[in-house]
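A.B. asks: Dropping the sequence and predicted coords here.
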Amino acid sequence: MNWDKIDRNYDLESPVALKQSVTWIANQLIHSFVFMAICSEGGGLESILFNSDYTRRKNLYEIGINQLISLFEEVGANDPGTMCAIFNEKIRDYAVTVGPTMEMP
């Protein structure tokens with residue numbers, strides 16, 4: 001249980017840009033292992049560091065507060081007309097899709 005020792009567990013000096021779906025981001029946040037606010041010197045929220053139990057040994061992710069606000073607005077405004085859940089034997093879980101599909105702005 002060393003989730004708070006991010007400087008020892010992750011390479012913070014070599015960030016890599018990553019594009020993921022809204023569903024993937026939500027899953028990481030819901031099942032977070034690391035969930036840490038990054039604030040400016042003035043105390044304003046700048047971003048969130050996060051990962052899930054599943055990804056904790058691989059990477060630490062960061063999302064800017066403006067992107068997170070856009071994500072919440074997109075999710076809040078989304079009214080899916082359809083949903084499909086198909087069991088995927090390979091991952092031993094359901095692959096769920098909803099329509100219309102949400103995308104990060």
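C.D. replies: Yep, it's here.

A.B. asks: Pick out the residue nearest the middle of this structure.
C.D. replies: Centroid check for the chain by Cα atoms, centre = their mean gives residue 25 as the closest residue, at 2.6 Å.

A.B. asks: I'd assumed that residue was in a strand, is it?
C.D. replies: No: Residue 25 is assigned helix when assessed by DSSP: H, G, I helix; E, B strand; the rest coil, not a strand.

A.B. asks: so the residue sitting furthest away from the middle of the chain, which of the three states?
C.D. replies: In the chain, residue 42 marks the outermost C-alpha relative to the chain mean, sitting 25.4 Å out by Cα atoms, centre = their mean. Secondary structure, three-state DSSP: residue 42 is coil.

A.B. asks: hang on, the earlier thing: you'd agree the residue nearest to the centre of the chain is up against residue 62?
C.D. replies: No: counting by Cβ atoms under 8 Å, residue 62 is not a contact partner of residue 25; they are 11.3 Å apart. C-beta coordinates here come from the backbone N, C-alpha and C atoms, glycine included.

A.B. asks: low-confidence ranges in the chain?
C.D. replies: Applying pLDDT under 70 to the chain picks out residues 1-4, 100-105.

A.B. asks: Output the longest helix belonging to it.
C.D. replies: helix 65-77 (DSSP state H).

A.B. asks: Pull the distance from it to the chain's centre.
C.D. replies: How far helix 65-77 lies from its chain's middle: 12 Å, per Cα atoms, centre = their mean, to the nearest Å.

A.B. asks: Over to stretch 80-89?
C.D. replies: Distance, stretch centre to chain centre, for stretch 80-89: 20 Å (Cα atoms, centre = their mean).

A.B. asks: got it, and stretch 44-51?
C.D. replies: Centre to centre, stretch against its chain (Cα atoms, centre = their mean), the figure for stretch 44-51 is 11 Å.

A.B. asks: repeat for stretch 78-88
C.D. replies: Counting by Cα atoms, centre = their mean, stretch 78-88 comes out at 20 Å from the chain centroid.

A.B. asks: Done for today, thanks.
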